[in-house]
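Q: Just need the structure, nothing else, for what follows:
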Amino acid sequence: MKSPDHLCKPDLTIYNPSDPKFIAWRTAIFALASSPKTYLKLSGLFSEMPATLQQSSVDDIVIALQPYLAVILASFGASRIMFGSDWPVCTVGMEKEEGGAWEKWRMVVERFVDLAGLTTEEAVMIWSGTAIKAYGITELL
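A: Numbering: from 1, shown residues only. You can find the predicted model right below:
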């Protein structure tokens, strides 16, 4: 199993899908996704975001990340994307706020799943099913 962590560290200061850096990242993601045993962990983006975006609302973060999230969903599909909390790393550099950075990240992913119009089964794959499959977990507590 291969797992490209943190969406392969895209440059989240780029908001233009026709920017050459975005195109290079997108091309790399599609190349990685061509291997059926490669999974993507949806995590680590808070540490990659510009500070102003980190402090933005959940809606603003989802809008800014939408081009990246669309690419990973189109390339990997829900069955090869797994939620990663990235705790405690997601708290580095984050201002203390109600619910904290982990909760904010969870809400960003929740909004992404909702806006993508995923089925219940696809949402379950992102939240837990893909990890269970990818890591070969056979017994749950």
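
Q: Show me what counts as buried in stretch 128-140.
A: Buried residues in stretch 128-140, defined by neighbour count with 16 or more other C-beta atoms under 10 Å: 129-131, 134. All C-beta atoms are positioned from the backbone trio N, CA, C, and that covers glycine.

Q: give the contact list for Leu115.
A: Applying C-beta atoms under 8 Å, 6 or more residues apart in numbering, we find Leu115 in contact with Val62.

Q: what pairs with the most centrally placed residue in the chain across the strands?
A: Nearest to the mean C-alpha position of the chain, by C-alpha atoms, centre = their mean, lies Leu42 at 2.8 Å. Beta-bridge partners recorded for Leu42 (DSSP bridges): Phe83.

Q: Before we move on, what's the pLDDT of it?
A: Looking at Leu42, its pLDDT is 88.

Q: now swap in Ala101 and tell me
A: Looking at Ala101, its pLDDT is 75.

Q: burial measure for it, as a count.
A: By other C-beta atoms under 10 Å, 23 other residues sit near Ala101.

Q: With Val71 instead?
A: 20.

Q: Just the pLDDT at Phe30, thanks.
A: In this model, Phe30 is scored at 95, pLDDT.

Q: In which helix or strand does it reside?
A: Taking DSSP states H and E as the criterion, Phe30 maps to helix 20-33.

Q: contacting residues around that helix?
A: 2, 4, 7-8, 10-11, 14, 16-17, 38, 40, 67-68, 71-72, 75-76, 80.

Q: Filter those residues down to the buried ones.
A: In the contacts of helix 20-33, the ones that pass as buried (16+ other C-beta under 10 Å) are 4, 7, 10, 14, 38, 40, 67-68, 71-72, 75-76, 80.

Q: Inside helices: which ones of the residues you listed?
A: Members of the buried ones among the contacts of helix 20-33 lying in helices (criterion: DSSP state H): 67-68, 71-72, 75-76.

Q: can you list the weak-confidence ranges in this structure?
A: 1-6, 89-99, 141 (pLDDT under 70).

Q: Tell me which stretches of it form strands.
A: For the chain, the strands defined by DSSP state E cover 40-42, 81-83.
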